[in-house]
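Student: Sequence plus predicted model, see below.
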Protein chains: 2
Amino acid sequence: MSRVLILSKNAAEYRPLVEAARLPGLEKLAAATNPSEALALEDDFDVVFGEPSLVRNVITQLSKLRWVQATYAGVEPLLDPTLRRDYLLTNARGVFGGLMSEYVFGYLLQHERRMVERYRAQQELRWDRTITGTLRGKTIGLLGVGSIGTVLAGTARHFDMAVRGYTRASESCPDVNTYYHGSQLLDFADGLDYLVTVLPNTRETVRIVDASLLARLPAGAVFINVGRGSTVEDNSLVDALRTGKLAAAVLDVFEQEPLPTEHPFWHTPNLLMTFHTSAPSIPADLARLFIENYCRYEAGQTPLHAVDFERGY
Amino acid sequence: MSRVLILSKNAAEYRPLVEAARLPGLEKLAAATNPSEALALEDDFDVVFGEPSLVRNVITQLSKLRWVQATYAGVEPLLDPTLRRDYLLTNARGVFGGLMSEYVFGYLLQHERRMVERYRAQQELRWDRTITGTLRGKTIGLLGVGSIGTVLAGTARHFDMAVRGYTRASESCPDVNTYYHGSQLLDFADGLDYLVTVLPNTRETVRIVDASLLARLPAGAVFINVGRGSTVEDNSLVDALRTGKLAAAVLDVFEQEPLPTEHPFWHTPNLLMTFHTSAPSIPADLARLFIENYCRYEAGQTPLHAVDFERGY
């Protein structure tokens, strides 16, 4: 028998979705939109489903906590080494790949198809027959090929692109043409038309996109970051755009969010920002994931997508 | 033995590509960028590879003409009933699908992801967390499912969309979920999130996108035309955009090109124009198609993609 707490700003949407599933062995289901509301319930929940930043504020009070299902892929707030780690933490995987793919290829197509320039021509009543670029035949490099990178690789192949993947060790995605690991990072970057990072924030990934990596990209390359802001050396990226080395960058994530208005990114040429919206959490998707995992949990199986606290993802 | 004329504004690019193929039975290969240059050659070519609008000005002079390979999909200039039809006309198919797919889904993603609004937020130093839309789960309707529509259907399925196809009779594309024919046009339109026409200009397709069809689309639908301008009733489209019935339209083709500056399209809200650039003719693609077809022709086989002069495609 399980006592489940939904702790999310979207609690009002999650609750009916979870209720409708008539979960087996469910002793209690409560929902709160913030930590104080949750703590006021004074209940000993063993299962929590919610945003990592909210969940971190209640876990010390839950003596019977056994499992947390995060509504995000990134679970940094729960990785703080001063926090307890005596429970199973699972994150949201297999949910955001399609949305990320729409984002990444949408922005690559906007760039190649010069949609902004076309729009300007229209405003100037100019019949602009300039030939635009194409994704076909281009080479995309994925920094990180987990559940999201795998979907990106599939879309890239759909558009007849060549795909490189840089990973710690895994080579499990059949849509990656060539894998690179460890010290092969600069070789990985050499000749890429597009560099896309989907890396989580870990010790190994901090500032992995630095001046030396950017220098190995060919002139006119495009950089997209849908992973974590900490993976990028901001000043080097600004330089690469200001000198025209990079044709464009599209950033969804930042070291500090919201990004302070004095940050140079706001005014860097050919740098587009999307304010951490690339893969919106769609409640129906995440409720489905939680329900699936709950059924495994209640049946004594291990829920999917366990996070390794040390590794960080 | 064949005498081949390349007649194209891209003749200088085509010629070395065709020469490099060392075509069997090639008696002569000549290249011209315009009709008068071609006629000045005073040669009795039996094969012409080129733009329909140029080719139409030389065919009356070529007494031995047996085959014309068009560099375009649309061959209207050669369909004029006053012109000779005693030769085989093949058009470019299987070449533009990928490019069209990049165009259509690029613009759908620009719309769903509100890329313009995001860009404005950035200019205003505004951290804009507005949730954007997604292609997933949407329904796209393809007016015409030939070689281009088939590729569009595949991309739509890749992005987890539902696909409807309206055709004269064929139901050959497995990526179309539901087919509609003949009098089912308005049912086809009912409930579409996106309506995309890839139809050629024929008697049956003229003004097929009219007020009654647009009226059956749900509010907020998006219309894209990558077929021919003649398929659209311009005033009805302008009305549908002005009243906000349609959220957006993206037009690559127009009844008159270049579009006269006094045409209302230039100033219609949420109407984007791309000036017949959706699928640029990439010489290497078209040379490959010509070379393949030439080998069939020279071997006594029928070249692929024959146009039915009566049907118009």
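Tutor: Sure, I can see it. Note that the coordinates shown come from a computational prediction; the quantities given were computed from them, not determined experimentally.
Student: tell me the mean pLDDT for stretch A:186-206?
Tutor: For stretch A:186-206, mean pLDDT is 96.
Student: where's stretch A:217-233 relative to the chain centroid, distance-wise?
Tutor: Distance of stretch A:217-233 from the chain centroid (CA atoms, centre = their mean, to the nearest Å) equals 14 Å.
Student: For it, the averaged confidence score.
Tutor: Across stretch A:217-233, the average pLDDT comes to 97.
Student: Show the end-to-end separation of that stretch, please.
Tutor: 15 Å (CA to CA, to the nearest Å).
Student: Which pLDDT does the model give residue A:167?
Tutor: 97.
Student: any idea what the spatially most central residue of chain A is structurally, helix, strand or coil?
Tutor: Nearest to the mean C-alpha position of chain A, by CA atoms, centre = their mean, lies residue A:227 at 4.6 Å. Classification of residue A:227 using DSSP: H, G, I helix; E, B strand; the rest coil returns coil.
Student: if I look at it, how far off is chain B?
Tutor: The spacing between residue A:227 and chain B, counted by CB to the nearest CB, to the nearest Å, is 18 Å. In short, each C-beta sits where N, CA and C put it, glycine included.
Student: likewise residue A:72?
Tutor: Where chain B is concerned, residue A:72 sits at a distance of 14 Å (CB to the nearest CB).
Student: one step back: who's in contact with the residue nearest to the centre of chain A?
Tutor: A:143, A:144, A:197, A:198, A:199, A:200, A:201, A:205, A:253 (CB atoms under 8 Å, 6 or more residues apart in numbering or on different chains).
Student: Is it correct that the second one is in contact with residue A:197?
Tutor: Read that as residue A:144. Yes: using CB atoms under 8 Å, residue A:144 makes contact with residue A:197 at a distance of 6.4 Å.
Student: Just give the number of residues close to residue A:212.
Tutor: Applying other CB atoms under 10 Å in any protein chain shown, we find 12 residues neighbouring residue A:212.
Student: likewise residue A:25?
Tutor: Residue A:25: 11 neighbours (other CB under 10 Å).
Student: One more: residue A:36?
Tutor: 10.
Student: What average pLDDT does the strand or helix carrying it get?
Tutor: Residue A:36 is located in helix A:35-40, with elements delineated by DSSP states H and E. In this model, helix A:35-40 has an average pLDDT of 96.
Student: quick one: contacts of it?
Tutor: With CB under 8 Å, 6+ apart, helix A:35-40 has contacts from A:5, A:7, A:30, A:32, A:54, A:57, A:58, A:61.
Student: Next up, the contacts around the last one.
Tutor: Which is residue A:61. Shown in contact with residue A:61 (CB under 8 Å, 6+ apart): residue A:39.
Student: What sits closest to residue A:257 if chain neighbours are left out?
Tutor: Using CB to CB, 6 or more residues apart in numbering or on different chains and skipping the chain neighbours, the partner closest in space to residue A:257 is residue A:276 (5.7 Å).
Student: Surely that neighbour is in contact with residue A:252?
Tutor: Yes: the criterion here is CB under 8 Å, and residue A:276 meets it with residue A:252 at 5.8 Å.
Student: Return every residue with contacts to both of these two.
Tutor: By CB under 8 Å, 6+ apart, no residue touches both residue A:276 and residue A:252.
Student: When the two are compared, which one has more neighbours?
Tutor: Taking neighbours as other CB under 10 Å, residue A:276 and residue A:252 compare with residue A:252 leading, 23 against 19.
Student: Would you agree that one is in contact with residue A:229?
Tutor: No: between residue A:252 and residue A:229 there is no contact, the gap being 9.0 Å when judged by CB under 8 Å.
Student: what number of residues lie near residue A:92?
Tutor: Residues near residue A:92, counting by other CB under 10 Å: 22.
Student: same thing with residue A:311?
Tutor: Applying other CB under 10 Å, we find 12 residues neighbouring residue A:311.
Student: What is the neighbour count of the closest residue in space to it that isn't next to it in sequence?
Tutor: Taking CB to CB, 6+ apart, and ignoring the residues beside it in sequence, residue A:311 has residue A:202 as its nearest neighbour in space, at 6.7 Å. Neighbourhood size, residue A:202 [other CB under 10 Å]: 18.
Student: Please apply the same query to residue A:64.
Tutor: Counted with other CB under 10 Å, residue A:64 comes out at 12.
Student: roughly how far apart are it and chain B?
Tutor: On the measure of CB to the nearest CB, residue A:64 and chain B end up 35 Å apart.
Student: before we move on, back to that, show the contacting residues for the residue nearest to residue A:257.
Tutor: A:252, A:253, A:254, A:257, B:129.
Student: Now list the buried members of those residues.
Tutor: A:252, A:253, A:254 (16 or more other CB atoms under 10 Å in any protein chain shown).
Student: what residues are up against the residue lying farthest from the centre of chain A?
Tutor: Ranking residues of chain A by C-alpha distance from their mean position (CA atoms, centre = their mean) puts residue A:125 at the top, at 40.1 Å. Residue A:125 makes contact with B:261, B:266, according to CB under 8 Å, 6+ apart.
Student: And the helices in the stretch 151-300 of chain A?
Tutor: A:185-189, A:211-216, A:234-242, A:283-298 (DSSP state H, counting those that start in this stretch).
Student: To residue A:163, which of those helices lies closest?
Tutor: Closest approach to residue A:163 among these is made by helix A:185-189 (11.5 Å; CB to CB).
Student: Check which residues of the closest one are buried.
Tutor: A:185, A:188, A:189.
Student: Please apply the same query to stretch A:66-75.
Tutor: So stretch A:66-75, judged by 16+ other CB under 10 Å, has buried residues A:67, A:68, A:69, A:70, A:71, A:72, A:73, A:74, A:75.
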